[in-house]
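Trainee: here are the coordinates; sequence isn't available:
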């Protein structure tokens, strides 16, 4: 990257906010008594992949914004003495290591959202914890392929500009109404665009581009006063997109930038994409991949027949 902004943020990005208060209604009845974030992707819950992504990007202070019936999330990232003792007594060190891994990943905190008033409201619940530092937001439904991480590039862009950075992805024009959409202009930083406008789930004919906002953000602390001033929008919720739009239009702000993602992403809030994530990640595993790929070839051949 070459420099565009003259002043970079003086504070490093150390903290991540992970909103996990959603009810997971698309996966009922599986999510009747279990948070959707705890649905297994092979042999780890989806939320663990998200926390691991944050940790790999250097973010070891994670705040989860939860809701009712989310206690299993806290339990998963806590120690389980009885289970650990049983595995230790059996000499099953491999499983013991796997069990302990989640509780040793990061310094994880929890706060209740209370009323489900939108993503912007969930981010606001992290204000006291984050303080006056830039921070990342990772949505639990989005799994980013670890072979093509985007958070490090977003953090670098935030540190160079001092502004807020969103992850963008090109989508077919007939799907843009499912996402927040960005109007952008070029910068002199490789792989980084400046966001000039944002529209939440526009009609196809009203979309300023085919660049959709996906579930990764690195936000400057100036987002908090913008969120406080944001009235409820679509769905009568406080939309993070609306607050970012305000920041992008403010000439006195540090601005909003975008990093375009070209890797693999799985929307585990969608049934088909969730199944695809399980199959693809399992197919790569040394312990499962060869047998699974062989079975898939036979299964697909039978379908063709």
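Mentor: That came through fine. These figures come from a predicted structure and were not determined experimentally.
Trainee: what about the strands in the stretch 201-305 of the chain?
Mentor: 211-219, 256-260, 265-267 (DSSP state E, counting those that start in this stretch).
Trainee: Where is the longest helix in the chain?
Mentor: helix 289-304 (DSSP state H).
Trainee: nearest spatial neighbour of residue 150, skipping sequence neighbours?
Mentor: Distances taken as CB to CB, 6 or more residues apart in numbering put residue 261 closest to residue 150, at 4.8 Å, once the chain neighbours are dropped. To be clear about C-beta, it is placed using only N, CA and C from the backbone, and glycine gets the same treatment.
Trainee: My read is that the one you found contacts residue 167, right?
Mentor: Yes. If you go by CB atoms under 8 Å, residue 261 and residue 167 touch, sitting 5.3 Å apart.
Trainee: Spit out the residues that contact the two alike.
Mentor: The contact sets of residue 261 and residue 167 overlap at 150, 214, 216 (CB atoms under 8 Å, 6 or more residues apart in numbering).
Trainee: Give the burial count for the first one, as a bare number.
Mentor: Residue 150 is flanked by 24 other residues according to other CB atoms under 10 Å.
Trainee: what's the answer for residue 284, then?
Mentor: Considering only other CB under 10 Å, residue 284 is surrounded by 13 other residues.
Trainee: Residue 203 now?
Mentor: 9.
Trainee: likewise the one 5 residues further on?
Mentor: Close neighbours of residue 208, defined as other CB under 10 Å, add up to 15.
Trainee: Nearest residue to it in space, please, no chain neighbours.
Mentor: Going by CB to CB, 6+ apart, residue 208 has residue 183 as its nearest residue, at 3.6 Å.
Trainee: Now do the contacts for that neighbour.
Mentor: Contacts of residue 183 by CB under 8 Å, 6+ apart are 195, 196, 197, 198, 199, 208, 209.
Trainee: and for the host helix or strand of the third one, what are the contacting residues?
Mentor: Following DSSP states H and E, the helix or strand that holds residue 197 is strand 192-200. Residues external to strand 192-200 that are found in contact with it (CB under 8 Å, 6+ apart): 1, 4, 157, 161, 165-166, 168, 180-187, 206-208, 213, 233-234, 239, 241-242, 244-245, 248-249, 255-260.
Trainee: tell me the contacts of residue 77?
Mentor: So residue 77 contacts 51, 102, 103, 105, 108 (CB under 8 Å, 6+ apart).
Trainee: Just the local confidence number for residue 115, please.
Mentor: On pLDDT, residue 115 comes in at 82.
Trainee: quick one on the thing from earlier: now, which of the shared contacts of residue 261 and residue 167 sits nearest residue 173?
Mentor: residue 214 (16.5 Å; CB to CB).
Trainee: my guess is that closest one contacts residue 141, does it?
Mentor: No. Residue 214 is not in contact with residue 141 according to CB under 8 Å; the separation is 9.8 Å.
Trainee: Among the contacts of residue 77, which pair sits farthest apart?
Mentor: 51 and 103 (11.0 Å).
Trainee: shaky segments in this protein?
Mentor: Filtered on pLDDT under 70, the chain yields the residue ranges 1-10, 305.
Trainee: which residues of it fall in helices?
Mentor: So, for the chain - with DSSP H - the helices run 46-56, 71-76, 81-90, 93-103, 119-124, 127-130, 151-161, 223-228, 240-249, 271-284, 289-304.
Trainee: For residue 137, which of these is the nearest?
Mentor: helix 119-124 (6.1 Å).
Trainee: picking that back up, dump the helices of the chain into CSV; add distance to residue 34 as well.
Mentor: Shown next, in CSV, are these (distance: least, CB to CB, whole Å):
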stretch, distance to residue 34
helix 46-56, 11
helix 71-76, 6
helix 81-90, 18
helix 93-103, 16
helix 119-124, 20
helix 127-130, 26
helix 151-161, 27
helix 223-228, 30
helix 240-249, 26
helix 271-284, 14
helix 289-304, 25
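Trainee: So which of those is nearest residue 145?
Mentor: Among these, helix 271-284 sits nearest to residue 145 (CB to CB), with 8.7 Å.
Trainee: For that closest one, buried residues please.
Mentor: 273, 274, 277, 278, 281, 282, 283 (16 or more other CB atoms under 10 Å).
Trainee: Next: stretch 74-93.
Mentor: Quick answer for stretch 74-93 (16+ other CB under 10 Å): 76, 77, 87.
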